[in-house]
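A.B. asks: kindly return the folded structure for what I paste below:
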Amino acid sequence: MTAARPAVVVGVGLSSAASGAEVAALVDACLARAAAQRADVTCVATLDRHAGDERLAALGFPVIGFPAEALAEVVGADGDARVEEAVGTPSVAEAAALLAAGAGARLVVRKQHSAHATGAVGRGGASA
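C.D. replies: Model (predicted):
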């Protein structure tokens, strides 16, 4: 019997200026840093108001959105006062990755930046 693999979640924060190509390149770079394949990804996690964003849907993964209040309560995510002022939580990418990866989640790739987006990779669930 094979043990269940831990969830691999890509957390993404993005501004309206981010292009779909920019977001896709950032996600691919985050996965490379995590030594993970696209097939390993359980979902993309983000701020709830971006959950239906076509740039995220184009990545080909399920997209989960969380309210800013829930993201703000996540322990272990690095925050930014400018982000908190803009969207109501100091962290989107890291907090969303941790929250979506579930109990025992950890960041395997901390926040990475592109010009208009951030990405992070969380792993959790089964033994990590």
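
A.B. asks: and the strands in the chain, which stretches?
C.D. replies: 7-14, 41-47, 63-66, 106-113, 117-124 (DSSP state E).

A.B. asks: nearest to Cys30, out of the ones you listed?
C.D. replies: Cys30 lies closest to strand 117-124 among those, at 4.2 Å (Cβ to Cβ). Bear in mind the C-beta positions are built from the backbone N, C-alpha and C, glycine included.

A.B. asks: avg pLDDT for the closest one?
C.D. replies: Taken as a whole, strand 117-124 has an average pLDDT of 96.

A.B. asks: return the list of helices and strands in contact with it.
C.D. replies: Under the contact definition 3 or more Cβ pairs under 8 Å, 6 or more residues apart in numbering; DSSP states H and E, strand 117-124 sits against strand 7-14, helix 20-33, helix 93-101, strand 106-113.
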